[in-house]
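1. Output the structure for:
(2 chains)
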Amino acid sequence: MAKSLQNVSTTINLTGYRLLFLLRLLMQGAISKERIIKECENNEYIREISYDTIRLDINTLKNAGFDITNSIIDGEYVYMLKSHPLEIKFTKEDIKVLNRIKKIAIELWKWEDIISLYETLEKILQFTDNEEYKDSVLNFGYFMKIDFQILKELHRHCLQNNEIAVKYNSPKNGNMRIKMRALWIEHDKNTNKMHLFGQFEHYNYISYLRIDKITKIEKIYLKPSIKPLKKEYKTYKVKNTANFTPLFNEEIIEETSDFITVKTTVVNDFSYVQRILSLGKNVVEVDKHTSAQIMENLLKTREVYK
Amino acid sequence: MTKRIIETSYRIIQMLNFLFEKPRTLEELMYLFDVQECAIERKTITKYFATLRKFGCVITKENNKFVLSHSPFFVNFNKEDIRNLNNLYFLSKEVLVKSQHKKLSNIISLLYGKSNNRIVEDDTQSSYGVFGKYKEKIEMLSNYLYDEAPKVRISYNDEKIIAKLRNFKYKRKNIYIMVFDEEKTENRLLLLDNILNVENLSQISSKMNFAKPTVFKLKGRIAKGYTSPYEEETITYLDDGSIIVENKYEDKKILRQRLLKYFDMCEIIEPESEREEFKKTIDMYIKKYTS
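-> Purely as a prediction, here's the structure:
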């Protein structure tokens, strides 16, 4: 081993290599001297390092512009890299452009891509120490109210149609526990809200919860007890305009240059009525039952203005 | 008292710093060390490069300059990060004005330059392609999109609208522009397709802060679950559980369409003209669903 290290030392600088190794450890997070020694033991070019050498290396990094603190976390002294000179210098104009394109992406992209973009920008902005710039670029509006970990987990449960219990901070009833079969997640671009659709225990229809109000996934049931609903489908026809966007529970079954025919898995009657009405004058065909419900509600609404 | 440091290690970190800042020639590097009073030889620089390379740095030579094209001490972009940045690039190419697209392109190139990635200019990679036709209109309208910009006269279908432009809105395959209509004193959302011409009126808008609000009341479960989609809406909570909402920002026509979905759990309180318009909207739909 000694011989091979001697060979290496003629081509590379071993003390420099050790410093780079230490820098990489610091960039991964807070680290104690004991942990540094352990990590070095596993590196074929370093093997041994003393407390004094660690101190010397830390001083060398500090001298080169790296801001490193030594503080106590969980009763243990750890080194922490606070900032470093290897940073990107963004200008005010750069931040303006990043914010502009981010805003457009939020308006156009799928929620999965929006969250992924947030994570990419978060990674990049670690390399600037301007907190104001960081805060402004990482302000994703409504998405800041959502716990991304919970959202990703809910998405996974939806894909497997799992039965789960969630802690929900209801605007109406405060904190409550809700058991449901998770079905799908939808980001409503008009209202900019995200909803988790599912079949609730004891209710014979599909409904939804606001995702920003879900504070915890409390339980995943391995033995499902909610009997799956028999799916109800309805179809409607709309004019083919550039604005038409099918919802998650909708499928375009026919498209001509003039019209689009859509098959919907009905969530509940009222939501379907609202959906049809939201399409405005562009609806050209809808089933009789829905049409009658719309009429009944419109007449009640008209009464308000008598 | 100056703390002791290890000189050689310090110089390697300095080398990393110099190359991180920008590509450098061998002479520049030697000079930078020289001014710090620690002159080093060519073969030492070669050894430092070898040390950095051993650690995963990719140092290439382009136009006689050494380029740090990848560093393990910078963002470790994964496939998804690359896809996101590429998508931003292609989106900006279609929807931003040229100068802004160039700026974003430079930012991405800078980030990629430090992580050994490249933007691949391949048309098949563009996830949009639908906004290209708006390019000229975006350039032209963007000239009036700053705070102190003058009012404009817009030829919109058969209408002439005197307005102050506010911001673009993007929806699926369409681009809209939100404007403040000076005559109606309300905000309107105009489809770019229908804008035929824009004339500079060389006057500053003085009414922007006096947009006419629509005030509506919500009750029942709609009131309990209501959270505003717009920051500009103000909500007053009443003792009986209902709420009063004041909306200045939304296009009136779009607002009416939204409120219609709440049926009899919503009532427009004022202005009277909006109540009248809403009645007409309901009647229009009653007629539609009767036939």
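
2. the longest helix in chain B is where?
-> For chain B, the helix with the greatest residue count under DSSP state H is helix B:272-290.

3. What mean pLDDT does it get?
-> Averaging pLDDT along helix B:272-290 gives 93.

4. One more: stretch B:178-188?
-> The average of the pLDDT scores along stretch B:178-188 is 92.

5. Stretch B:107-124 too?
-> pLDDT averaged over stretch B:107-124 gives 69.

6. Please apply the same query to stretch A:66-80.
-> In this model, stretch A:66-80 has a mean pLDDT of 90.

7. quick revisit: check which helices and strands the longest helix of chain B is in contact with.
-> Under the contact definition 3 or more C-beta pairs under 8 Å, 6 or more residues apart in numbering or on different chains; DSSP states H and E, helix B:272-290 sits against helix A:288-304, helix B:252-260, strand B:266-270. C-beta here means a position set from N, CA and C on the backbone, and glycine is covered the same way.

8. switch the cut-off to 10 Å
-> If contacts are counted by 3 or more C-beta pairs under 10 Å, 6 or more residues apart in numbering or on different chains; DSSP states H and E, helix B:272-290 sits against helix A:269-278, strand A:283-285, helix A:288-304, strand B:214-218, helix B:252-260, strand B:266-270.

9. from the chain's centre, how far out does it sit?
-> Relative to the centre of its chain, helix B:272-290 is centred 37 Å away, using C-alpha atoms, centre = their mean, to the nearest Å.

10. Then stretch A:179-196?
-> 13 Å.

11. circling back to that earlier point, of all the helices and strands packed on helix B:272-290, which gets the most neighbours per residue?
-> With neighbours taken as mean count of other C-beta atoms under 10 Å in any protein chain shown, the helices and strands packed on helix B:272-290 reach their highest mean count in strand B:214-218, at a mean of 21.

12. In its sheet, which strands sit next to it, and in what direction?
-> The strands beside strand B:214-218 in its sheet (DSSP bridges) come out as strand B:243-247 (antiparallel), strand B:266-270 (antiparallel).

13. Settle this for me: A:Thr95 is touching A:Asn130, isn't it.
-> Check again: residue A:95 is Ile, not Thr. Yes: using C-beta atoms under 10 Å as the test, A:Ile95 is close enough to A:Asn130 to be in contact (8.4 Å).

14. need the strands for the chain, in chain order.
-> I went with chain A, as the question did not name one. Ranges of strands in chain A, per DSSP state E, are A:67-73, A:76-83, A:163-170, A:174-188, A:193-200, A:206-210, A:214-221, A:233-239, A:250-255, A:259-265, A:283-285.

15. not what I meant, chain B
-> B:58-62, B:65-70, B:150-156, B:159-171, B:174-181, B:186-191, B:195-204, B:214-218, B:234-237, B:243-247, B:266-270.

16. Is stretch A:11-18 in proximity to chain B?
-> Yes: Stretch A:11-18 is in contact with chain B by C-beta under 10 Å from any C-beta of the partner chain, via A:11-18.

17. Quick one, which of those residues are buried?
-> A:12-18 (16 or more other C-beta atoms under 10 Å in any protein chain shown).

18. Which ones among those residues map onto helices?
-> With DSSP H as the criterion, helices contain A:14-18 from among those.

19. Chain B: which of the residues you listed is nearest?
-> Set against chain B, the nearest of those by C-beta to the nearest C-beta is A:Gly16 (3.6 Å).

20. which residues does the residue lying closest to the closest one once chain neighbours are set aside contact?
-> Of all residues not flanking A:Gly16 in the chain, B:Ile12 sits nearest, at 3.6 Å (C-beta to C-beta, 6 or more residues apart in numbering or on different chains). Counting by C-beta atoms under 10 Å, 6 or more residues apart in numbering or on different chains, B:Ile12 touches A:12-13, A:15-17, A:19-20, A:60, A:64, B:6, B:47-49, B:51-52, B:55.

21. distance between the ends of stretch B:164-182?
-> 7 Å (C-alpha to C-alpha, to the nearest Å).

22. Give the buried residues for that stretch.
-> By neighbour count on 16+ other C-beta under 10 Å, the buried set for stretch B:164-182 is B:164-166, B:168-171, B:174-182.

23. Next: stretch B:226-239.
-> B:226, B:229, B:233.

24. Between the residues you listed, which sits nearest B:Tyr134?
-> Distance to B:Tyr134, by C-beta to C-beta, is smallest for B:Pro229 among those, at 24.7 Å.

25. how many neighbours does the residue nearest to B:Lys252 when sequence neighbours are not counted have?
-> Excluding the flanking residues, the one nearest B:Lys252 by C-beta to C-beta, 6+ apart is B:Glu186, at 5.9 Å. Neighbour count for B:Glu186, taken as other C-beta atoms under 10 Å in any protein chain shown: 21.

26. which residues touch B:Glu186?
-> B:Glu186 touches B:179-180, B:211-214, B:248-252, B:255, B:271, B:274, counting by C-beta under 10 Å, 6+ apart.

27. run the last query once more with 8 Å
-> Contacts for B:Glu186 (C-beta atoms under 8 Å, 6 or more residues apart in numbering or on different chains) come out as B:180, B:211-212, B:251-252.

28. Please work out which helix or strand belonging to chain A has the smallest mean pLDDT.
-> helix A:2-11 (a mean of 62; mean pLDDT, DSSP states H and E).
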